[in-house]
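Chemist: Got a predicted model here, sequence first, then my questions.
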Amino acid sequence: MAAPELVTAEHVYVSIGGMPILRDVSISVRASEAVALLGGNGSGKSTLVRTLLGILPHQQGEVKLFGHSVPGFRDWWKVGYVPQHSAIAVSNATVGEIVSTGRLAHHRPFQWLNRGDREVVARTLDLVGLADRAAWPFRSLSGGQKQRVLIARALTSEPELLVMDEPLAGVDLHSQDGLADLLGRLRDDGLGILVVLHERGPMARILDRGITLCDGRVVEGEPILGSTCTDEKPHHDTIGLTDPIAGGLT
Ligand SMILES: Nc1ncnc2c1ncn2[C@@H]1O[C@H](COP(=O)(O)OP(=O)(O)OP(=O)(O)O)[C@@H](O)[C@H]1O
């Protein structure tokens, strides 16, 4: 029997400020599956991730997390999110403090973290190889260590789906290998992984599938560096259908 679908998008259209960004995008990620979201700059990868997580609204189509439509989804602890590294701006917070915030999805607002939470945090820091860095300021870490902190933060909610936006950006090759090993182990333990990548790189060995976006559409094949997408065939043949965003024929 196929593993359950953790996140699905069906025929999703998104526009921002009247500009069509995603068109007729359908994807899914199952438990124990690692899927790469590939594509060139501006192809819509981050927009798709943010739409799947309900951060951005979609105008058409359906997005479901764990079988529930995203506007009504409540079990956010089931989803770990690692945003783009550059999106995290912290000054003096320690590694332990940042990772601890991942437990907040299990608590009501302003509730203190308890001993069980602290044990999960310690266990997760150990898992990512940073047990001895809990008291260190985040800003003092290397690029690879920072990514481990952000992954640990996402993992402390004990999620079933991990969504990461370019987790290897700015990380040296050796650390990329280590992160790929860690994610491969988590995938083997049942975690579903959706990861935005510019290229597969060291992650190739743990990926089950790749989905390529080009100009906001899913296309066949791998992204071609410097390509304007015009040579790539749309994965979903929509010829003759009206594009609800552009208002014309696709
Ligand atoms: N808030 C916004 N307002 C206007 N346009 C936006 C906004 N967010 C994204 N876009 C546009 O949507 C398109 C897709 O952007 P997105 O960040 O999703 O691409 P990406 O594939 O993640 O790119 P990159 O690899 O460079 O991060 C781009 O043309 C971008 O300029």
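Modeler: Arrived safely, thanks for sending.
Chemist: Only C-alpha atoms from now on, for both contacts and neighbour counts.
Modeler: OK.
Chemist: got the residues of the protein near the ligand?
Modeler: Taking C-alpha under 6 Å from any ligand atom, the part of the chain that reaches the ligand is made up of 16, 21, 40, 41, 42, 43, 44, 45, 46, 47.
Chemist: Buried subset of those residues as a ChimeraX selection?
Modeler: Typed into ChimeraX, the line below selects the buried ones among the residues of the chain next to the ligand, using 16 or more other C-alpha atoms under 10 Å:
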select :21,40,43,44,45,46,47
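Chemist: Tell me which of the residues of the chain next to the ligand fall in strands.
Modeler: 16, 21 (DSSP state E).
Chemist: can you map out the helices along this protein?
Modeler: Counting by DSSP state H, residue ranges of the helices within the chain are 45-52, 95-100, 115-127, 143-155, 173-188.
Chemist: which one of those helices is the most hemmed in?
Modeler: When the helices of the chain are scored by mean count of other C-alpha atoms under 10 Å, the highest mean neighbour count falls to helix 143-155 (a mean of 24).
Chemist: In this structure, where is pLDDT below threshold?
Modeler: Within the chain, the stretches with pLDDT under 70 are 85-91, 104-113, 221-250.
Chemist: Just want the most central residue of it.
Modeler: residue 163 (2.3 Å; C-alpha atoms, centre = their mean).
Chemist: residues in contact with that one?
Modeler: Contacts here follow C-alpha atoms under 8 Å, 6 or more residues apart in numbering; on that basis residue 163 touches 49, 79, 80, 81, 82, 193, 194, 195.
Chemist: Closest one of the residues you listed to the ligand?
Modeler: Of all these, the ligand sits closest to residue 49, with 8.1 Å by C-alpha to the nearest ligand atom.
Chemist: Quick check: that closest one vs residue 172, distance?
Modeler: Using C-alpha to C-alpha, to the nearest Å, we find residue 49 at a distance of 24 Å from residue 172.
Chemist: and if you look at residue 130?
Modeler: Counting by C-alpha to C-alpha, the gap from residue 130 to residue 172 is 17 Å.
Chemist: what does residue 55 give?
Modeler: Distance of residue 55 to residue 172, given as C-alpha to C-alpha: 30 Å.
Chemist: And residue 11, by the same measure?
Modeler: Note on residue 11: its distance to residue 172, by C-alpha to C-alpha, is 37 Å.
Chemist: got it, and residue 96?
Modeler: Distance of residue 96 to residue 172, given as C-alpha to C-alpha: 23 Å.
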